[in-house]
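Asks: Okay, here's the prediction I keep looking at, along with the sequence it came from:
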There are 2 protein chains.
Amino acid sequence: MTIVFNDREKCGSCPIRHRAICARCDDDELAQLENIKFYKTFEAGQPIIWRGDELTAFSSVVIGIASLSRTMEDGRTQVVGLLLPSDFIGRPGREYVDFDVTAVTDVTLCQFQRKPFENLVEDVPHISQRMMEMALDELNAAREWMVLLGRKTAREKIATFLEMIVRRSTVPSHSVTTYTLPLTREEIGDFLGLTLETISRQLSKMKREGIIEFEGRRNFVIKDLAALHLATGDDADGGVIV
Amino acid sequence: MTIVFNDREKCGSCPIRHRAICARCDDDELAQLENIKFYKTFEAGQPIIWRGDELTAFSSVVIGIASLSRTMEDGRTQVVGLLLPSDFIGRPGREYVDFDVTAVTDVTLCQFQRKPFENLVEDVPHISQRMMEMALDELNAAREWMVLLGRKTAREKIATFLEMIVRRSTVPSHSVTTYTLPLTREEIGDFLGLTLETISRQLSKMKREGIIEFEGRRNFVIKDLAALHLATGDDADGGVIV
DNA sequence: CATCGTTGTTGATCTGAATCAAAGCGGCTT
DNA sequence: AAGCCGCTTTGATTCAGATCAACAACGATG
């Protein structure tokens, strides 16, 4: 499960602010969290936890990006979600995970011991309320992605992906906004249900059309945001419902 | 959002037992639910609520099947979930819905007025805990479906769909177990990200191979469960993690 | 700075599913 | 019973994206 935190300055020494856990926590609850908390880091490409493994701790991503994926017996793999800083791994009341979690970049996790954390969820009502909201946000995102996987063309998929990168990027410091692809072409393919060759070809096509421009392999600039959005196949309002 | 209830005999006059709401409710809480509850029916094919519409009530399906879907501007549609009896429509703290909800068969809903229901969620901790669990179950199901949409072949998709029908069907009374497709070929296609012709062709092929047998258009018998499972492309354990 | 491994690009070809098209059912109405 | 309508099947053809293959660009390493 993936949980989004906000920017409330709490939760002791954590470099990020745990909205889910802390937004409405009192000092006593914060102290409890502080007691059961520890950090762990993973190198890019390393598995964090495998499908079916026992979950000894709940974790939130502090730095880096992890992927949630499933690989079929013959090697076909589908990425079902990206875990960005402040997203959450684990689920109260279940002691194993259902998907592989892999560090895409170097990743630092803030982990909470399972049993004490579960007790806290049980005892403190606003935590489960917040976790319900976050799970529902994730559920919505997953369903939007189902539309992409089931019905969009390669071009639409990639345009949607690029737009997502732009939307989820932290606001950059430069005036010319350069964004970074956090994934290889192969990983993007596994996320969009395409092959790496198709990703490469479609990106080249958009480059030729003047929609995007690359600086190296990973960094890109949006030259024509309107054309990019048009290519997504989404409604004009960009998915926001009035 | 979709929520699964259990078979606890509670919640007053409701023909089904609302696990989420009632499993741990005391008499006072049940009385409150009873006060804000009413029924509504929809004919097969009718829209129940459109994407973006204001949500005046939370509903659980009592009888029938509804679909959750998104239609793109050019008519491509993707079904992102099926709502079976005891599934739930609506989400606390949000006054609109993100997908179209349509009655697939005749549908009876048990509805709860929005504001009082939200208050109940806020006041009674075990309700949000249970709703969190249900949301996470749905999230898992959605992610499994993402693997299907992104990486499975037409044959694998249909085998997985048939297996799902079998798994989710209420145990039949006959010794020869006949199952019923709740959807037309077109609806199955929209659920699996395929066209109705592909559905028809693949079903014919499985019929020819002796895996299934049809009685009319909608009713079928599994003649070779092992072959069906093999065709899903899933692990041998059927997705259950030990 | 030469080498090697990884990642990315581009071309040629193949193929699974979509699309286009035409019948074949049932079930319903009149 | 005839006719109609929505659903389904089946065939012919097309096409988007996969697959196979070669090479280019880059970064790390000695």
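Replies: It's in. Residues are numbered from 1 along each chain as shown, chains lettered A, B, ... in the order given.

Asks: Can you pull the domain assignment for chain A?
Replies: Per the record, chain A has its domains at A:19-148, A:152-232, by automatic domain parsing.

Asks: What's the first helix or strand after the helix or strand of chain A with the lowest mean pLDDT?
Replies: When the helices and strands of chain A are scored by mean pLDDT, DSSP states H and E, helix A:19-22 comes last with a mean of 60. Counting by DSSP states H and E, the next helix or strand C-terminal to helix A:19-22 is helix A:27-35.

Asks: hmm, that next one in reach of chain B?
Replies: No - shown here: helix A:27-35 not in contact with chain B (C-beta under 8 Å from any C-beta of the partner chain), separated by at least 14.4 Å. C-beta: built from backbone N, CA, C; applies to glycine.

Asks: Grab the CA positions of that helix and hand them over as PDB.
Replies: Written as PDB, here are the backbone C-alpha positions of helix A:27-35 (Å, rounded to 0.1, in the frame of the first residue of the first chain):
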ATOM      1  CA  ASP A  27       3.100  14.400  22.000                       C
ATOM      2  CA  ASP A  28       2.600  11.000  23.700                       C
ATOM      3  CA  GLU A  29       1.700   9.400  20.400                       C
ATOM      4  CA  LEU A  30       4.700  11.000  18.700                       C
ATOM      5  CA  ALA A  31       7.000   9.700  21.400                       C
ATOM      6  CA  GLN A  32       5.600   6.200  20.800                       C
ATOM      7  CA  LEU A  33       6.400   6.500  17.100                       C
ATOM      8  CA  GLU A  34       9.900   7.800  17.900                       C
ATOM      9  CA  ASN A  35      10.500   4.700  20.000                       C
END
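
Asks: I'd like the mean pLDDT over it, please.
Replies: In this model, helix A:27-35 has a mean pLDDT of 78.

Asks: Remind me what it packs against, helices and strands.
Replies: For helix A:27-35, the packing partners by 3 or more C-beta pairs under 8 Å, 6 or more residues apart in numbering or on different chains; DSSP states H and E come out as helix A:19-22, helix A:114-123.

Asks: quick one: buried residues of that helix?
Replies: A:Glu29, A:Leu30, A:Gln32, A:Leu33 (16 or more other C-beta atoms under 10 Å in any protein chain shown).

Asks: Could you do stretch A:198-214 as well?
Replies: Across stretch A:198-214, burial judged by 16+ other C-beta under 10 Å covers A:Thr198, A:Ile199, A:Gln202, A:Leu203, A:Met206, A:Ile211, A:Ile212.

Asks: Name all residues that make contact with the second one.
Replies: I take that to be A:Ile199. A:Ile199 makes contact with A:Ile158, A:Arg185, A:Ile188, A:Gly189, A:Leu192, according to C-beta atoms under 8 Å, 6 or more residues apart in numbering or on different chains.

Asks: can you check the fourth one too?
Replies: Counting by C-beta under 8 Å, 6+ apart, A:Leu203 makes contact with A:Ile158, A:Arg185, A:Ile212, A:Phe214.

Asks: So it, which state does it fall into?
Replies: helix (DSSP: H, G, I helix; E, B strand; the rest coil).

Asks: before we move on, what about the fifth one?
Replies: Of the three states, A:Met206 takes helix under three-state DSSP.

Asks: With A:Ala236 instead?
Replies: A:Ala236 ends up coil, using three-state DSSP.

Asks: can you tell me how far it sits from A:Met72?
Replies: 37 Å (C-beta to C-beta, to the nearest Å).

Asks: out of those two, which sits in the busier spot?
Replies: For A:Ala236 versus A:Met72, the count of surrounding residues by other C-beta atoms under 10 Å in any protein chain shown is larger for A:Met72: 15 against 8.

Asks: Mind pulling the model confidence for that one?
Replies: Reading off the model, A:Met72 has pLDDT 97.

Asks: residues in contact with it?
Replies: For A:Met72, the contact set (C-beta under 8 Å, 6+ apart) comprises B:Val147, B:Arg151, B:Gly233.

Asks: doesn't A:Thr108 make contact with A:Ile63?
Replies: Yes - if you go by C-beta atoms under 8 Å, A:Ile63 and A:Thr108 touch, sitting 4.2 Å apart.

Asks: what touches both of these two?
Replies: Joint contacts of A:Ile63 and A:Thr108 (C-beta under 8 Å, 6+ apart) do not exist.

Asks: residue boundaries of the strands in chain A?
Replies: A:37-42, A:47-49, A:57-63, A:66-71, A:77-83, A:88-89, A:100-103, A:107-113, A:178-180, A:212-215, A:219-222 (DSSP state E).

Asks: elements contacting the second one?
Replies: Packing contacts for strand A:47-49, counted by 3+ C-beta pairs under 8 Å, 6+ apart, involve strand A:100-103.

Asks: before we move on, what about the last one?
Replies: Applying 3+ C-beta pairs under 8 Å, 6+ apart, one finds that strand A:219-222 contacts helix A:154-168, strand A:178-180, strand A:212-215.

Asks: So which of these is nearest DNA strand C?
Replies: For the helices and strands packed on strand A:219-222, the distance to DNA strand C is smallest for strand A:212-215, at 6.3 Å, taking C-beta to the nearest atom of the strand.

Asks: Check which helices and strands that closest one is in contact with.
Replies: Applying 3+ C-beta pairs under 8 Å, 6+ apart, one finds that strand A:212-215 makes contact with helix A:196-208, strand A:219-222.

Asks: right, is the longest helix seen in chain A up against DNA strand D?
Replies: For chain A, the helix with the greatest residue count under DSSP state H is helix A:125-151. No - Helix A:125-151 does not reach DNA strand D (C-beta under 7 Å from any atom of the strand); its nearest approach is 10.0 Å.

Asks: close to chain B, is that helix?
Replies: Yes - Helix A:125-151 comes into contact with chain B (C-beta under 8 Å from any C-beta), by way of A:125, A:128-129, A:131-133, A:135-136, A:138-140, A:142-147, A:149-151.

Asks: who touches A:Trp145 in this structure?
Replies: A:Trp145 makes contact with A:Val80, B:Met146, according to C-beta under 8 Å, 6+ apart.

Asks: Surely A:Gln129 is in contact with B:Glu118?
Replies: No - counting by C-beta under 8 Å, A:Gln129 stays clear of B:Glu118, with 10.9 Å between them.

Asks: higher neighbour count, the two?
Replies: The residue with more neighbours, out of A:Gln129 and B:Glu118, is A:Gln129; 22 against 18, by other C-beta under 10 Å.

Asks: Quick one: neighbours of the residue nearest to that one when sequence neighbours are not counted, just the number.
Replies: Of all residues not flanking A:Gln129 in the chain, B:Ser128 sits nearest, at 4.4 Å (C-beta to C-beta, 6 or more residues apart in numbering or on different chains). Other residues near B:Ser128 number 25, with proximity taken as other C-beta under 10 Å.

Asks: try A:Ser86
Replies: Neighbourhood size, A:Ser86 [other C-beta under 10 Å]: 20.
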